[in-house]
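>>> give me coordinates for this.
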Amino acid sequence: MEIAARNEVLLVGRMATEARAVELPSGDQLTSFRLVVDRSTSKRPAREGVKVPTVDSLDCVAWTAGLQRTARTWKPGDMVEVQGAVHRRFFRTAGGVQSRWEVEVSRAKRVSRAAAA
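This is a model prediction of the structure:
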């Protein structure tokens with residue numbers, strides 16, 4: 001049996017900040033947001049009193065108009081579920097070519113609203 005390679009991500013986490021619209025130098029538009037996802041367990045022991053992180057902060061991007069509109073309705077603290085794939089994007093800056101890893105979202109929904117302040 002042959003195993004096919006897959007790049008699939010399912011995340012459920014809370015919005016760290018409001019989503020923001022970004023226009024790239026190419027003229028393409030995307031919406032960027034950051035999810036904070038709890039780690040269920042950490043297999044790494046704390047070393048010399050340094051606490052092991054219990055959350056991951058993950059950059060996500062939405063390219064389609066529908067997903068962009070949806071993401072911009074979410075507020076900080078909202079719990080959301082996203083599906084997509086991990087991608088590495090390259091871009092030019094004054095310091096040269098740089099890259100970043102991000103989750104390219106293909107499906108998304110709000111699971112629950114943030115608690116009222």
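
>>> max-length strand in this structure?
Across the chain, the longest stretch assigned as strand under DSSP state E is strand 96-112.

>>> got the buried residues for that one?
Judged by neighbour count (16 or more other Cβ atoms under 10 Å), strand 96-112 contains these buried residues: 102-105, 108, 110. Bear in mind the C-beta positions are built from the backbone N, C-alpha and C, glycine included.

>>> and residue 78, how many neighbours?
17 (other Cβ atoms under 10 Å).

>>> these two touch, right, it and residue 108?
No: counting by Cβ atoms under 8 Å, residue 78 sits too far from residue 108 to count as a contact (11.2 Å).

>>> give me the element the residue nearest the centre of the chain is part of.
Nearest to the centroid of the C-alpha atoms of the chain, with distances taken as Cα atoms, centre = their mean, sits residue 60, at 2.8 Å. Taking DSSP states H and E as the definition, residue 60 sits inside strand 55-62.

>>> report the buried residues of the helix or strand just after that strand.
Past strand 55-62, further along toward the C-terminus, the next helix or strand under DSSP H and E is helix 65-71. Neighbour-count burial for helix 65-71, counted by 16+ other Cβ under 10 Å, picks out 67-68, 70-71.

>>> how far away from the center of its chain is the next helix or strand after helix 65-71?
Once the chain leaves helix 65-71, the next helix or strand it forms, by DSSP H and E, is strand 79-93. Between the mean C-alpha location of strand 79-93 and the chain-wide mean there is a distance of 6 Å, by Cα atoms, centre = their mean, to the nearest Å.

>>> what packs against strand 79-93?
For strand 79-93, the elements it packs on are strand 9-15, strand 55-62, strand 96-112, judged by 3 or more Cβ pairs under 8 Å, 6 or more residues apart in numbering; DSSP states H and E.
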